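In: no FASTA, just this:
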Ligand SMILES: [Mg+2]
């Protein structure tokens with residue numbers, strides 16, 4: 001069977017600016033065999049070109065903009081498909097601004113159809129302006145539901161989900177969240193994979209976060225492979241209703257499979273049998289989970 005891969009980045013390929021051991025060989029194997037793949041990230045701040053450069057600096061070579069799909073690109077795809085010629089007031093970084101510009105979605109600070117929230121670039125002035133525009137009728141859209149993002153093992157920063165939540169609270173309006181785990185992210189990524197590369201019979205999503213990567217894979221009919229190099233501990237997998245098709249220690253376990261086209265001889269554990277984890281549950285960071293709003297907040301699991 002010919003597989004194509006959608007691959008999360010933070011916690012799968014690198015963590016805190018350190019490559020995960022074996023990740024370079026895995027990407028090299030994908031490139032050498034012409035295996036269709038696309039990196040999929042909820043981070044709306046960088047452009048695809050920025051991400052290719054970032055990975056090159058980390059030692060992963062041979063990648064270009066066509067290998068990346070961000071939640072900012074997903075947001076631009078969504079708006080241009082569902083509302084051509086719409087206008088938007090944007091609170092976000094270069095990756096989001098560039099993606100909207102590429103789709104000819106004009107910036108509008110007077111009477112926009114949408115207020116679009118991404119990572120970063122928020123100031124009190126911008127949030128106040130966004131609040132006013134939403135009260136005047138603009139619809140609220142966020143590139144992704146992540147409330148926070150890792151900076152290092154000791155440090156996080158607010159994510160697009162937290163900024164959108166601020167405006168939800170101030171305006172009483174609910175945001176719509178694109179990016180993982182929204183099926184639109186996976187549907188468009190799958191289409192991009194099929195358009196640009198050879199025939200794919202089955203698409204695999206490789207990720208480290210249950211709530212985004214694995215949930216989105218399950219809901220979109222993809223195979224979800226969980227790697228344990230990021231935000232999820234093996235003992236917590238059994239707590240989720242949705243389960244990964246496979247659990248891998250890291251992407252390094254897939255390199256031989258990509259090179260030979262043969263499945264691993266050691267079948268990797270399926271998460272369905274995993275026992276329930278510790279009583280101390282982390283609250284969900286996703287606005288899509290209504291119950292999360294009522295949970296106490298120990299720091300939720302998070303990576304991109
Ligand atoms: Mg991740």
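Out: Looks like it arrived, so ask away. If you're wondering where the values come from, they're calculated on a predicted model, not measured in any experiment.
In: the biggest helix by length in the chain - contacts with which helices or strands?
Out: If you go by DSSP state H, the chain has its longest helix at helix 183-196. The contact analysis (3 or more CB pairs under 8 Å, 6 or more residues apart in numbering; DSSP states H and E) places helix 183-196 against strand 3-7, strand 37-41, strand 68-70, helix 71-82, strand 202-207, helix 215-219. To be clear about C-beta, it is placed using only N, CA and C from the backbone, and glycine gets the same treatment.
In: list the buried ones in that helix?
Out: 184, 185, 186, 188, 189, 190, 192, 193 (16 or more other CB atoms under 10 Å).
In: before we move on, what about stretch 21-41?
Out: 22-31, 35-41.
In: before we move on, the earlier item: export the buried residues of helix 183-196 as a markdown table, with columns for distance to residue 158.
Out: Shown next, in a markdown table, are these (distance: CB to CB, whole Å):
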| residue | distance to residue 158 |
| --- | --- |
| 184 | 24 |
| 185 | 21 |
| 186 | 25 |
| 188 | 26 |
| 189 | 25 |
| 190 | 30 |
| 192 | 29 |
| 193 | 31 |
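In: got TSV for those, with pLDDT too?
Out: Listed next are these as TSV, based on pLDDT from 0 to 100:
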residue	pLDDT
184	97
185	97
186	97
188	96
189	96
190	93
192	90
193	88
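In: how about a markdown table for these, with distance to the ion added?
Out: Output for these, formatted as a markdown table (distance: CB to the ion, whole Å):
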| residue | distance to the ion |
| --- | --- |
| 184 | 19 |
| 185 | 14 |
| 186 | 15 |
| 188 | 19 |
| 189 | 15 |
| 190 | 19 |
| 192 | 19 |
| 193 | 19 |
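In: buried stuff in the helix or strand hosting residue 169?
Out: For residue 169, the host element (DSSP states H and E) is helix 160-171. For helix 160-171, burial by neighbour count (16+ other CB under 10 Å) applies to 160, 161, 162, 163, 164, 165, 166, 167, 168, 171.
In: that helix vs helix 71-82, what angle?
Out: 60 degrees (axes from the mean of the first three to the mean of the last three CA atoms, to 10 degrees).
In: what does helix 160-171 contact?
Out: By CB atoms under 8 Å, 6 or more residues apart in numbering, the list of residues contacting helix 160-171 from outside reads 42, 44, 71, 91-92, 115, 117-119, 122, 127, 130-131, 134-135, 140, 142-148, 173-175, 177, 179, 285-287.
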